[in-house]
Every structure is written in C-alpha cells, then in structure tokens.
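Student: I'll drop the sequence and a predicted model, then ask my questions.
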Amino acid sequence: MLYDLLKRFLDLIAAILGLVFASPILILAALAIKLDTQGPILADTPMRVGKNGQLFKMFKFRSMVVGAHQLLQQDPKLLKQYTKNSYKIQNDPRVTIIGRFIRKYSIDELPQLINILKGDMSIVGPRAYYPFELEAQQKKYPNSREFVKIILSAKPGLTGIWQVSGRSDINFDKRVEMDAHYVQRRSIFYDIFLIIKTIPAVLSGKGAI
C-alpha cells in the first residue's frame, strides 16, 4: 500500500531528525532524572500492544519512583483510583519532581523516537495500550470492542488524535472511538495536520497527568 510505504519513509526521516534536533533536550532530561532520584533513566514499564496485537517494549523517560508499578499493586486506594479513572491518577504520588515537568510537556515520550526507528511505532497513530488495560476496559465498555479491533490494525503513534484533543482528560471509550476513526480516515495530509496540532497541545500541557 502506497500510504504505508510513504508513511514509513516519513517516520524514518522524522525520527532521525527528531533525535538529532531533540538531542540537547534528551541529554538535559536524562541528567535531570539522574540528579532528581536514584534509579534508571528509562522507565521499566509493562509491555504495550502494537499492530496486530504484537507486544513491544516502549521507551520512555522515567517520571516515577523506582518500583512504581509494584507500589501501585500494594496500595488498594491508589489501585482503585487507577482502575476507576481509566488507568490514570490525578496528582499521582509516585511521580517525581522532574517527572511532573517532563510529563506535562511530553518530554518523557521523546525516547519513543527509537521505537519509531525500530518499526514498533509511527509518528502519528493510535495510543499504545497496556494488555491488561485493553482487557479490563473492554469489559467495562463492551461497545469499544469493535473500535479496538480497528485500532490494532495500525501501528501506535507518538502522537495522535486523542493527544491533541485533551490527552488524559478523555476516557477510554471515547479515546478508542477517536483512534478508530483516525485509522479509518488516515492519510499523509491528515497525519501532517495532527503533527501540526501536536505542537500547541504539548506546549499548553493541557490534559497531562
């Protein structure tokens, strides 16, 4: 398919240029994380679901304390809030000082440019979900199953329609519907439009948790 070939070419060019031009930010973010708290620079997060249901390791800067996932499982109140609020927590106590800043402006997402080079992701695409998130949320929102099937036919993206439309302010059922509609109408021009819209969305920090 011509779109897929052209999209992959543009993904490679954008990822290479992104890594080059963002290298000062990447270096500063890495240093800030190391100085802020003990632990690795990159987050040790569960695998994500990619195209056709294939699992992959997403690269992200660590914005939480070490062992954040284990802490979540050990805190019933925090876990309840996490599952109740579509897998997000307002004022999450596990987020570090530097983590709050890099999450607000999506700096923690920049290492995903490596995922794009590897072919796991695209610059523009649906959100990359956790396997347990998809399983639980589809039970909660049965009408979302068809949308999820459509979403998994495409590579997840560094940015996408839901990221420029409110980010974490949007619940799962609406988010997957938006992502499915993107997959159905995607084109190079639509991708460019979403990339342009990403800039003010990131700078505003709206919807970031």
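Tutor: Okay, I see it. Numbering: from 1, shown residues only.

Student: can you find the helix or strand of this protein with the lowest average pLDDT?
Tutor: helix 76-84 (a mean of 75; mean pLDDT, DSSP states H and E).

Student: residue ranges with poor pLDDT in the chain?
Tutor: For the chain, the stretches flagged by pLDDT under 70 are 84-87, 166-169, 205-209.

Student: how far away is residue 159 from residue 47?
Tutor: Distance, residue 159 to residue 47, by Cβ to Cβ, to the nearest Å: 21 Å. Just so you know, the C-beta spots here come from the backbone N, C-alpha and C atoms, and that holds for glycine as well.

Student: which of the two has more residues huddled nearby?
Tutor: residue 159 (23 against 13; other Cβ atoms under 10 Å).

Student: isn't the more buried one right up against residue 194?
Tutor: Yes. Using Cβ atoms under 8 Å, residue 159 is in contact with residue 194, at 6.3 Å.

Student: strands of this structure, residue ranges please.
Tutor: 48-49, 55-56, 122-124, 157-159 (DSSP state E).

Student: dump those strands into CSV; add distance to residue 11 as well.
Tutor: Conversion of the strands of the chain to CSV gives the following (distance: least, Cβ to Cβ, whole Å):
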stretch, distance to residue 11
strand 48-49, 17
strand 55-56, 15
strand 122-124, 5
strand 157-159, 9
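
Student: which one of those strands lies closest to residue 66?
Tutor: strand 48-49 (20.0 Å; Cβ to Cβ).

Student: give me the distance from that closest one to the chain's centre.
Tutor: How far strand 48-49 lies from its chain's middle: 10 Å, per Cα atoms, centre = their mean, to the nearest Å.
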